[in-house]
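K.L.:
need the 3D shape of this:
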Amino acid sequence: MTIRAHWPQSLPGRVWRGSPTPAETTFRRNLALPFLAALCALALCCPMAPGQTPLFEESPYDQITLDAKNENKVIRVYPMDLPGRRVPDPLPRGKLEVQLLEEPGKKYELFWNSVAKVELFHDLVLQKADELVRARELEEAYEYFIFLLDADPELPGLDRGIENYLYEEAKASQRQGHYDEALSMLREVYHRNAKRPGLDNALGLVTEKLVEKYVEADNYWTARRMLVNLEALYPGHPVVDKWEGRFKQEAADLLAEGREAAKAGRLR
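P.N.:
Numbers count the residues shown, from 1 in each chain. Predicted coordinates for the structure are as follows:
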């Protein structure tokens with residue numbers, strides 16, 4: 001699934017600041033109003049530490065790792081002229097012309113067969129974004145994904161990275177008791193990857209929390225709608241079965257009380 005298949009160019013979880021980039025403008029145009037309200041309830045992004053420049057704001061470079069014969073040396077070079085700015089697979093034969101960052105203007109030739117790995121700048125930015133997600137530094141990760149969506153929306157691995165980001169954002173919202181926000185992000189994860197392991201349990205948990213809230217407020221219609229929505233995603237989900245059974249039992253108890261009252265003449 002490409003990033004534009006369900007939610008074009010979108011990343012929930014942060015409040016907009018400053019002048020929007022083209023990607024951010026596209027976000028705003030495509031977000032539904034209920035979800036936009038959820039976004040606005042979230043905290044503002046935390047600024048970077050003073051003096052710390054995010055990778056995506058550095059001058060672009062590519063990274064080449066040489067083979068064992070060359071001691072697996074890692075060199076940084078000016079962005080290479082590759083078709084579509086993608087690493088060829090498999091790596092070609094012949095020579096590769098590069099310019100070292102340390103020696104601008106001076107060209108060197110490498111044999112492709114001495115290259116173990118090539119990482120282009122956007123790949124490095126994505127790797128850093130994924131690291132930030134794993135470290136739960138979601139505010140910083142968000143800025144990285146915004147950059148990539150604007151600069152290279154078809155980057156291999158970007159969809160998966162955003163999916164992981166959304167899942168972690170949902171978990172963070174759940175831990176804070178913001179179940180509406182968690183549900184919105186988990187449903188977006190479902191539209192991106194319905195078979196993600198553990199997603200059914202996560203959706204069941206936040207749905208049940210919301211059902212409990214609505215039942216406590218005697219808002220049974222909304223509670224049932226929450227269960228209907230979960231059933232549409234995962235037929236036979238245990239949370240749906242549990243609450244449907246509870247509602248049926250409560251209805252049966254009320255019916256029995258009504259019959260007893262009728263027999264006793266308490267018609268009101």
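K.L.:
starting from the helix or strand harbouring Ile64, tell me which strands it pairs with and how they run.
P.N.:
In the assignment (DSSP states H and E), Ile64 maps to strand 62-66. Here strand 62-66 has these sheet partners by DSSP bridges: strand 74-77 (antiparallel), strand 115-119 (antiparallel).
K.L.:
which parts of it are buried?
P.N.:
Within strand 62-66, the residues scored as buried using 16 or more other Cβ atoms under 10 Å are 62-64, 66. Just so you know, the C-beta spots here come from the backbone N, C-alpha and C atoms, and that holds for glycine as well.
K.L.:
check the residues you listed and tell me the two furthest apart.
P.N.:
Within those, Asp62 and Leu66 form the most distant pair, 13.4 Å apart (Cβ to Cβ).
K.L.:
need the pLDDT of the residue sitting nearest the centre point of the chain.
P.N.:
The centroid of the chain falls nearest to Leu166 when counting by Cα atoms, centre = their mean (2.6 Å). pLDDT, the model's per-residue confidence, is 97 for Leu166.
K.L.:
element containing it, please.
P.N.:
helix 158-175.
K.L.:
next one: stretch 146-156 to chain centre, how far?
P.N.:
14 Å (Cα atoms, centre = their mean, to the nearest Å).
K.L.:
residues contacting Val115?
P.N.:
With contact set as Cβ atoms under 8 Å, 6 or more residues apart in numbering, Val115 has these partners: 64-67, 91, 96.
K.L.:
from these, pick the one nearest His178.
P.N.:
Checking the contacts of Val115 against His178 by Cβ to Cβ gives Thr65 as the nearest, at 42.1 Å.
K.L.:
hang on, the earlier thing: what's the helix holding Leu166 packed up against?
P.N.:
helix 121-134, helix 138-151, helix 179-192, helix 199-216 (3 or more Cβ pairs under 8 Å, 6 or more residues apart in numbering; DSSP states H and E).
K.L.:
the first one: how far from the chain's middle?
P.N.:
The chain centre lies 13 Å from the centre of helix 121-134; the measure is Cα atoms, centre = their mean.
K.L.:
is it true that Ala93 touches Ser114?
P.N.:
Residue 93: Arg, not Ala. No. Using Cβ atoms under 8 Å as the test, Arg93 is too far from Ser114 to be in contact (11.3 Å).
K.L.:
what about those two, which has more around it?
P.N.:
Ser114 (15 against 8; other Cβ atoms under 10 Å).
K.L.:
Ala129 reaches Leu149, doesn't it?
P.N.:
No. Using Cβ under 8 Å, Ala129 is not in contact with Leu149; the gap is 10.8 Å.
K.L.:
between these two, which one's more packed in?
P.N.:
Each of Ala129 and Leu149 has its neighbours counted (other Cβ under 10 Å); Ala129 has more, 29 against 23.
K.L.:
ignoring the adjacent residues along the chain, who's closest to that one?
P.N.:
Tyr144 (3.7 Å; Cβ to Cβ, 6 or more residues apart in numbering).
K.L.:
now for that neighbour: which residues touch it?
P.N.:
54-56, 125-126, 128-129, 132.
K.L.:
now, of the residues you listed, which are buried?
P.N.:
Among the contacts of Tyr144, those scoring as buried are 56, 125-126, 128-129, 132 (criterion: 16+ other Cβ under 10 Å).
K.L.:
tell me which element Tyr108 is part of?
P.N.:
Element membership of Tyr108 [criterion: DSSP H and E] is strand 107-111.
K.L.:
quick check: angle from that strand to strand 62-66?
P.N.:
Strand 107-111 and strand 62-66 are oriented at 50 degrees to each other (axes from the mean of the first three to the mean of the last three Cα atoms, to 10 degrees).
K.L.:
for strand 107-111, buried residues please.
P.N.:
Along strand 107-111, these residues count as buried under the neighbour rule (16+ other Cβ under 10 Å): Leu110.
K.L.:
what residues does it touch?
P.N.:
The contact list for strand 107-111 (Cβ under 8 Å, 6+ apart) reads 64, 66, 94-100.
K.L.:
switch the cut-off to 10 Å
P.N.:
64, 66-67, 70, 75, 77-78, 93-100 (Cβ atoms under 10 Å, 6 or more residues apart in numbering).
K.L.:
quick one: which of those is nearest Lys195?
P.N.:
Ile64 (35.8 Å).
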